[in-house]
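Engineer: sequence-free structure coming up:
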């Protein structure tokens, strides 16, 4: 593998652009990045924005790479993999998929077999450099290659490895779906404040900053969430009364139910995708 690895993206959507932008901000050179997609007009916009090399030929793009990031929709992944299989079987790059539901074994089969394959489950805050990604690698992936994957996805947030591929369903239910959970809470807090007479823009500003500040405190603190929560509460005070309302209303059980439902749906979708290809 070259000292500065060449990374090729097959697919040029929002997530691919977010990853490329994060890499460049962290010092990765555009000269070592290739991107392919069917729409040349869009590719030229990507080239102009990032200064990377572009092509409409997936095989040519894959041929350049030490690492190929498959950034296409799950529904077209089989065709893309089978098309580039002869090329990657010859060059043997690390193959990285950011598509939900498709197992490393399935991807490797479509790519001709025997390749190092990693799966990454990023989430939408990656688009603003605050992503949370789960990583999984098959047995063919070396420690050096794991470090490369870690570096790429740390550039758009935080990335953590799981030892078993099935745990990626848990990642999906937590950080993949999680932004929507927090948006729901944000929406509900805004509505509650507005119902109490607060101006819309004031409610939005305070709710967003409160959520961001709480997340930052949790990230920096040596205490667990239970203690951080306790630190905000005074006996018989306002916060304690609100927390009791949440607890009495079954918030914990509802969150557990939502997480379990998302986990099971992720498993179902994986089975459906595997059966349709």
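Structural biologist: Cool, got the structure. All of these numbers come straight from a predicted model, not from anything done at the bench.
Engineer: Got the phi and psi for the spatially most central residue of the chain?
Structural biologist: Centroid-nearest residue in the chain, with Cα atoms, centre = their mean: residue 122, separated by 0.6 Å. Per-residue torsions, residue 122: phi -80, psi 180 (degrees, to the nearest 10).
Engineer: Repeat that for residue 131.
Structural biologist: Backbone torsions of residue 131, given as degrees, to the nearest 10, read phi -80, psi 160.
Engineer: For burial, what's the neighbour tally of the nearest residue to residue 80 once chain neighbours are set aside?
Structural biologist: Among residues not flanking residue 80 along the chain, residue 72 sits closest, at 5.4 Å (Cβ to Cβ, 6 or more residues apart in numbering). To be clear about C-beta, it is placed using only N, CA and C from the backbone, and glycine gets the same treatment. Residues lying near residue 72 (other Cβ atoms under 10 Å) number 23.
Engineer: so who does residue 72 touch?
Structural biologist: If you count contacts by Cβ atoms under 8 Å, 6 or more residues apart in numbering, residue 72 has them with 10-11, 80, 99.
Engineer: Same question for the nearest residue in space to the residue nearest to the centre of the chain that is not next to it in sequence, what's its three-state structure.
Structural biologist: Distance criterion Cβ to Cβ, 6+ apart; nearest residue to residue 122, sequence neighbours excluded, is residue 133 at 4.4 Å. Under DSSP: H, G, I helix; E, B strand; the rest coil, residue 133 falls in the strand class.
Engineer: And the pLDDT for residue 133?
Structural biologist: If you check residue 133, the pLDDT there is 97.
Engineer: Begin at 45, not 1, for the rest of this chat.
Structural biologist: Yep, numbering from 45; the last one is residue 177 now.
Engineer: on that earlier part again, as TSV, the contacts of residue 116 with secondary structure and distance to residue 275 would be great.
Structural biologist: Output for the contacts of residue 116, formatted as TSV (DSSP: H, G, I helix; E, B strand; the rest coil; distance: Cβ to Cβ, whole Å):
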residue	secondary structure	distance to residue 275
54	strand	48
55	coil	45
124	helix	50
143	coil	41
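Engineer: Would you mind giving those residues as TSV with neighbour count, distance to residue 279 and pLDDT added?
Structural biologist: Shown next, in TSV, are the contacts of residue 116 (neighbours: other Cβ atoms under 10 Å; distance: Cβ to Cβ, whole Å; pLDDT from 0 to 100):
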residue	neighbour count	distance to residue 279	pLDDT
54	25	58	98
55	23	55	97
124	21	60	97
143	20	50	92
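Engineer: now, among the residues you listed, which is nearest to residue 112?
Structural biologist: Residue 112 has its nearest neighbour among the contacts of residue 116 in residue 54, at 6.4 Å by Cβ to Cβ.
Engineer: for stretch 162-172, which positions count as buried?
Structural biologist: 162-171 (16 or more other Cβ atoms under 10 Å).
Engineer: Let's see which of these end up in strands.
Structural biologist: 162-165 (DSSP state E).
Engineer: Which single one of these is nearest to residue 191?
Structural biologist: Minimum distance to residue 191 across those is 11.5 Å, recorded for residue 162 (Cβ to Cβ).
Engineer: you'd agree the closest one is up against residue 184?
Structural biologist: No - the pair residue 162 / residue 184 is not scored as a contact, 9.5 Å apart, by Cβ atoms under 8 Å.
Engineer: where does the chain have low pLDDT?
Structural biologist: Residue ranges of the chain with pLDDT under 70: 45-47, 319-321.
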